[in-house]
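K.L.:
Fold the following, please.
(chains A and B)
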Protein chains: 2
Amino acid sequence: MNRKIPRIIIGRLPLYLRALTRLKKEGHSYASSRELGKLLDISAAQIRKDLSHFGELGKRGKGYEIDFLTNELNHILNIENIWDMIVIGAGDLGSGLSRYRGFAERGFRVAAVFDIDPEKIGKKIGNLVVKDLATMCDYVADNNIQIAVLAVPAETAQHVIDDLVEVGITAILNYAPIYIKTPDGVQIEHIDPSVHLQKLSYYLK
Amino acid sequence: MNRKIPRIIIGRLPLYLRALTRLKKEGHSYASSRELGKLLDISAAQIRKDLSHFGELGKRGKGYEIDFLTNELNHILNIENIWDMIVIGAGDLGSGLSRYRGFAERGFRVAAVFDIDPEKIGKKIGNLVVKDLATMCDYVADNNIQIAVLAVPAETAQHVIDDLVEVGITAILNYAPIYIKTPDGVQIEHIDPSVHLQKLSYYLK
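P.N.:
Numbers count the residues shown, from 1 in each chain, chains lettered A, B, ... in the order given. Model prediction:
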């Protein structure tokens, strides 16, 4: 696979996959770039151009066969199997994420959740028992974990990320409200709901 | 205020604000565009250009006075006061968001949480009691609510959004894993953690 495809294109593939899943649920077998575009507010031309990076995936006049394109995108995005991930932080957010059942059908599973707070360690969250953060490094090594979800306060985030990187985590979904640099070879994505809310409030009267 | 400023610039202002808060906490009084850029991985030139849309906010050679720029950004982003918002959906995610204490210092407060499930209605989440979704319209009208956070399954999201828009909600933070169009004058932001995870998994081996 060509690893030089721009990040912005990779970033749109999960949206295409989500739209395909929706059309499939609605009973469609084929999806045109126009239909996908309407569902995503992305131009049909952009979608065709993005997908053309990965070969001839559509049929002229018929559009994309949903099952085929879904399989291709699952393959490209590397989610043909379920990835185990760990959640760091068993506060409100970490607990919610650990219980969230929506990850499984998208390619992910929370395998363990860690905290540093003695009051939280040992507590049950859904099917998981909160583990001591001190045991995180061993757990990651023993279970070959590559993905961590960070749900800790901003103050401790950098410290935890340093540990995660040292033990070999290469993908981080960061909910701490702070921008954090990671070394080459470690990917990080940031989610901060307040940033989105402040974009919204700008337009309020 | 000039409402024609590109959305992409508005979208970066909350990041600048977050970085300023961090520098302030670390004891700084001034921040240069270079320092902000380093914290955010955005070029100093871009930051200066973005902020220049709002007047002369910095001092040549000294950079931006943190308190002053923070106040300006709070004013521009319309978060000088706390916005009350409602959360729709009292599942794992909605509960987590309703309990989340990080919103207050960023300009927002969950005033009420609603669900349709009789088993959830009346349940306590932090200081809130889950209300019946059937009472949502009256609540929004009586309390002049403008912001809603949507934490419902994809299948019900469009229906709930139609109701929200009808009752006068003009800003929606959508956690349902679905792209939803809103009428002119209604702003929507989408957060879907699985989309971010799939961007990460692309780069995994």
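
K.L.:
What distance do you get for the closest residue to A:Gly11 other than its chain neighbours to A:Val130?
P.N.:
Take A:Gly11 and drop its neighbours on the chain: the residue closest to it by CB to CB, 6 or more residues apart in numbering or on different chains is B:Lys199, 5.4 Å away. For the C-beta atoms, the positions are set from N, CA and C on the backbone; glycine is no exception. Going from B:Lys199 to A:Val130 by CB to CB, to the nearest Å gives 28 Å.

K.L.:
The two: which has the busier surroundings?
P.N.:
A:Val130 (23 against 20; other CB atoms under 10 Å in any protein chain shown).

K.L.:
which strand is the longest one in chain A?
P.N.:
Longest strand of chain A, by residue count under DSSP state E: strand A:108-115.

K.L.:
do you know how far A:Pro118 is from chain B?
P.N.:
21 Å (CB to the nearest CB, to the nearest Å).

K.L.:
same deal with A:Thr135?
P.N.:
Counting by CB to the nearest CB - A:Thr135 and chain B are separated by 23 Å.

K.L.:
cool, and A:Glu65?
P.N.:
Applying CB to the nearest CB to A:Glu65 and chain B gives a distance of 21 Å.

K.L.:
do the same with A:Ile191
P.N.:
Taking CB to the nearest CB, one finds A:Ile191 at 6 Å from chain B.

K.L.:
Do a quick rundown of the strands in chain A.
P.N.:
A:30-31, A:64-65, A:83-88, A:108-115, A:124-125, A:128-129, A:131-132, A:147-150, A:171-174, A:187-190.

K.L.:
can you list those strands in CSV and add mean pLDDT and mean neighbour count?
P.N.:
Converted to CSV, the strands of chain A look like this (pLDDT from 0 to 100; neighbours: other CB atoms under 10 Å in any protein chain shown):
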stretch, mean pLDDT, mean neighbour count
strand A:30-31, 97, 20
strand A:64-65, 97, 21
strand A:83-88, 98, 24
strand A:108-115, 98, 22
strand A:124-125, 96, 14
strand A:128-129, 98, 14
strand A:131-132, 98, 17
strand A:147-150, 98, 26
strand A:171-174, 97, 24
strand A:187-190, 94, 18
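
K.L.:
Columns distance to B:Pro14 on top of these, output as JSON lines?
P.N.:
Below are the strands of chain A laid out as JSON lines (distance: least, CB to CB, whole Å):
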{"stretch": "strand A:30-31", "distance to B:Pro14": "34"}
{"stretch": "strand A:64-65", "distance to B:Pro14": "36"}
{"stretch": "strand A:83-88", "distance to B:Pro14": "24"}
{"stretch": "strand A:108-115", "distance to B:Pro14": "27"}
{"stretch": "strand A:124-125", "distance to B:Pro14": "30"}
{"stretch": "strand A:128-129", "distance to B:Pro14": "32"}
{"stretch": "strand A:131-132", "distance to B:Pro14": "33"}
{"stretch": "strand A:147-150", "distance to B:Pro14": "19"}
{"stretch": "strand A:171-174", "distance to B:Pro14": "16"}
{"stretch": "strand A:187-190", "distance to B:Pro14": "12"}
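
K.L.:
B:Tyr64 is nearest to which of these?
P.N.:
With CB to CB, the closest approach to B:Tyr64 among the strands of chain A belongs to strand A:187-190: 22.6 Å.

K.L.:
which neighbours does that closest one have in its sheet, and in what orientation?
P.N.:
With DSSP bridges as the test, strand A:187-190 is paired with strand A:171-174 (parallel).

K.L.:
Show residues contacting the strand it pairs with.
P.N.:
Here strand A:171-174 makes contact (CB atoms under 8 Å, 6 or more residues apart in numbering or on different chains) with A:85, A:146-150, A:157, A:161, A:164, A:180, A:182, A:186-191, B:193, B:196-197, B:200-201, B:203-204.

K.L.:
what about that strand, distance to the chain center?
P.N.:
Centre-to-centre, strand A:171-174 and its host chain are 8 Å apart (CA atoms, centre = their mean, to the nearest Å).

K.L.:
What of stretch A:101-108?
P.N.:
Distance, stretch centre to chain centre, for stretch A:101-108: 10 Å (CA atoms, centre = their mean).

K.L.:
Show me which residues of it are buried.
P.N.:
Neighbour counts over stretch A:101-108 (16 or more other CB atoms under 10 Å in any protein chain shown) mark A:102-103, A:106-108 as buried.

K.L.:
among those residues, which are in reach of chain B?
P.N.:
Contacts with chain B within these, counted by CB under 8 Å from any CB of the partner chain: A:102-103, A:106-108.

K.L.:
among those, which two are most distant?
P.N.:
A:Gly102 and A:Gly107 (11.1 Å).

K.L.:
hmm, back to that, give me the contact list for the longest strand of chain A.
P.N.:
A:79, A:82-91, A:94-95, A:97-98, A:100, A:103, A:121, A:125, A:128, A:130-133, A:135-136, A:139, A:143, A:145, A:147, A:149, B:194, B:197, B:201.

K.L.:
Same question for stretch A:24-40.
P.N.:
Here stretch A:24-40 has contacts from A:15-16, A:19-20, A:22-23, A:42-48, A:51, A:58, A:62-67, A:69-70, B:179, using CB under 8 Å, 6+ apart.

K.L.:
so how far is that stretch from its chain's centroid?
P.N.:
22 Å.

K.L.:
How about stretch A:155-167, which residues are buried there?
P.N.:
So for stretch A:155-167, counting by 16+ other CB under 10 Å, buried means A:156-157, A:160-161, A:163-165.

K.L.:
burial of the residue of chain A found nearest chain B, as a residue count?
P.N.:
For chain A and chain B, the shortest gap (CB to the nearest CB) falls at A:Gly96, measuring 2.9 Å. A count of nearby residues for A:Gly96, using other CB under 10 Å, gives 23.
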